[in-house]
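*Asks:* Just the structure for this:
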Amino acid sequence: MQHLRTILARQGIFFVLTVLGLIAINAAWLVPTLTNTRVSASVFALTVAERIQSEINDSLENALNDTVEVAQEVSDEPQRTTTAFRNLLRHHAIFTSVALFSRSGKELIGVDRSGSVGPEKFVDQSRNASFYLALQGTPAFSPPFISSNGEPYATLTIPVPKTGLLFDQVIIVELNVQNLLSIIRSPNIGQGHAYVLDRDGIQILHPDLAKIIQRQNFSSRPIVTKVLVDGVIADGLAPDDEYINEDGKDTFTVGMPIPVVKWGVFVEQPRAQALAGERQTVAIAVGTSLLAIIIFLVIARSTIKLQQLTEEQTRLLLENDQSAKMLVRRDMELSGANTRLLEIDKTKSEFVSVAAHQLRTPLTALRWSYHALLDGDMGPLTEDQRKIMRDGLHATLQMITLINDLLNVARIEEGRFGFTFTLQPLEPIIAASIPRFEKIARDKAVTLVFQPTPATLPLLLLDAEKISIVIDNLLDNALKYTTPGGTVTLRVTNGKTKVGIEVKDTGIGIPKDQLHRIFNKFFRASNAMLLQTSGNGIGLYVAKNIVETHGGDMFVESVEGKGSIFSFMLPVKERS
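*Replies:* So this is what the prediction gives:
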């Protein structure tokens, strides 16, 4: 017994020393790791904020510089004022109207996107501080305000150069601040978002339009004071950078001033999301320490139990038996969970298929109703009524297309995307696809070129309907993302063992870092979402599946801003 007490005393001392050593070791790596986690979160958020700040600042700075040039043109050639104003509106989508005012505040010449502007257009705004600053020779942006249509606007006031100390005329440009929304909506920051405050701390840009209309004032937040008043970058690492937002959530936020207008852009994320690495790191440290302590206790217990070898052996055998039973039980639980997951996935696909079928029937009826009204079956329509009917028909057709795409995805995942292969020529399929897109190309002022197929094109074993889906998808994407004046070319190549179809465009291209995901289900490139808000990212996924089911391969080459080449190769099947 005395020997056992001695062993216990020695192990107690060793246990205390072990715990103290673990604390020292964890402190040595845990503190810098937690710091690096916060710094990494800050760097990520600042990168997003800097990109947004740069785009907004550049947009407004270009607007300011171009308006200054127009002011000089008005001063040099007054007779070209109206032309200069129209050119300015044409080059800046953010501008809604531009007008020339006398020193007394009377409008002399005004132009907006629909024609001439009445004398009252700038009566209220021409008497603000920006107007008087411009009369002293200083260009200035006004504080944003909410218009009658519920959208945020601001004015840019520019003096018209002249000889002497006083300025007799100013140019006032009205800007729709909401046109900058696409910039703050684009970042992928999980549950977080970006927002912009004006120089008074009032929220003027937010992904949720309802929050813009509320015009909430956040000037009481220390981070807002730091950015808007002190004009410095807030990296989110200072304790007073954090706050509880209007939804009651703890946030990790960074801020950055927008110099040209003295606004501020802020990137806000839930603290739990931004600093998730902190909890994981602490959990690892605690888990490691507990594991070490457990190992120590096991060793200590084993040392003590060595005095009773027979009992220890019996206990170990019993524990091994229990562990084996636990492993068998766990294996059975995992197998059951996997079976349930497979059933859930099958149920999901079946639900999508059933829901899509149920939705397609009323939408099809709605489509024919629109057609009947547009064809005059229910009597003549006014032009306004016809426009509403055409818009409704277009939206309905888009929904039907989306539902058909979802059905195709469901059929692919369930293995029910049936194919009927026959040995046939490829030319008629291409010839049927080209006319469907010629009108779209003309309407977009895009040149659609079809290079003649090789004369010796062999027969292919294929499903004509499915290959037509692939060609239509590639042509539709090429035309959709090619700007007016561009070219889309369809070309067929003939090899010894494969026939290729290539669709080349001079469109917006695909960012290099996103090219590897272009065939993923529901994926759309970031620049494509900015140019075309509609789209579901399903077409290329379905097209690639069709090509691979034919034993072929699909390829993509692209340079952002210069265009893309989508192509696929089908194997030649000789008649047996």
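*Asks:* can you list the domain ranges for this structure.
*Replies:* For the chain, automatic domain parsing gives the domain ranges 1-274, 355-414, 422-571.
*Asks:* now do the same end-to-end measure for the last one.
*Replies:* Between the opening and closing residues of domain 422-571 we find a distance of 13 Å, counting by C-alpha to C-alpha, to the nearest Å.
*Asks:* Low-confidence stretches in the stretch 351-500 of the chain?
*Replies:* Where the stretch 351-500 of the chain drops to pLDDT under 70, the residues are 351-360, 397-398, 402, 405, 407, 409-412, 414-416.
*Asks:* Tell me where it has helices.
*Replies:* With DSSP state H, counting those that start in this stretch, the ranges of helices along the stretch 351-500 of the chain come out as 383-414, 427-443, 464-480.
*Asks:* hey, which of those helices is tucked in deepest?
*Replies:* helix 464-480 (a mean of 21; mean count of other C-beta atoms under 10 Å). In short, each C-beta sits where N, CA and C put it, glycine included.
*Asks:* could you redo the helices of the stretch 351-500 of the chain as CSV and give each row distance to Gly537?
*Replies:* Shown next, in CSV, are the helices of the stretch 351-500 of the chain (distance: least, C-beta to C-beta, whole Å):
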stretch, distance to Gly537
helix 383-414, 9
helix 427-443, 20
helix 464-480, 11
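*Asks:* looking at the protein, which helix or strand is least sure?
*Replies:* Least confident helix or strand, the chain: strand 115-116 with a mean of 64, by mean pLDDT, DSSP states H and E.
*Asks:* Tell me which of the domains of the chain approaches Leu316 most closely.
*Replies:* Nearest to Leu316 among the domains of the chain is domain 1-274 (19.3 Å), distances taken as C-beta to C-beta.
*Asks:* The helices of the stretch 351-500 of the chain: which one's closest to Pro239?
*Replies:* Among the helices of the stretch 351-500 of the chain, helix 383-414 comes nearest to Pro239, with 47.4 Å by C-beta to C-beta.
*Asks:* Okay, helices next: where are they in the stretch 101-250 of the chain?
*Replies:* Assigned helices in the stretch 101-250 of the chain, in chain order: 129-135, 181-185, 209-214, 222-224 (criterion: DSSP H, counting those that start in this stretch).
*Asks:* Between those helices, which one is closest to Asn57.
*Replies:* helix 181-185 (10.5 Å).
*Asks:* Name the residues of that closest one that are buried.
*Replies:* Using 16 or more other C-beta atoms under 10 Å as the test for burial, helix 181-185 gives 181, 183-184.
*Asks:* who touches stretch 42-49?
*Replies:* Outside stretch 42-49, the residues that touch it by C-beta atoms under 8 Å, 6 or more residues apart in numbering are 187, 189, 192, 194, 233, 235-237, 252-256, 265-267, 269, 274.
*Asks:* Let's see which of the residues you listed end up in strands.
*Replies:* Per DSSP state E, strands hold the following members of the contacts of stretch 42-49: 194, 252-256, 265-267, 269.
*Asks:* hang on, the earlier thing: is it possible to get CSV of the buried residues of helix 181-185 that adds pLDDT?
*Replies:* Shown next, in CSV, are these (pLDDT from 0 to 100):
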residue, pLDDT
Leu181, 81
Ile183, 85
Ile184, 84
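*Asks:* so which of these would you say is closest to His394?
*Replies:* Of all the buried residues of helix 181-185, Leu181 has the smallest distance to His394: 23.2 Å, by C-beta to C-beta.
*Asks:* need the contact list for the closest one.
*Replies:* Here Leu181 is in contact with 205, 207 (C-beta under 8 Å, 6+ apart).
*Asks:* quick one: which of the ones in strands among the contacts of stretch 42-49 is nearest to Thr35?
*Replies:* Nearest to Thr35 among those: Phe252, at 14.4 Å, using C-beta to C-beta.
*Asks:* Look up the residues forming beta bridges with the closest one.
*Replies:* Beta-bridge pairing for Phe252 (DSSP bridges): Gln269.
*Asks:* okay, it: pLDDT?
*Replies:* Phe252 carries a pLDDT value of 92.
*Asks:* neighbours around it, how many?
*Replies:* Residues lying near Phe252 (other C-beta atoms under 10 Å) number 23.
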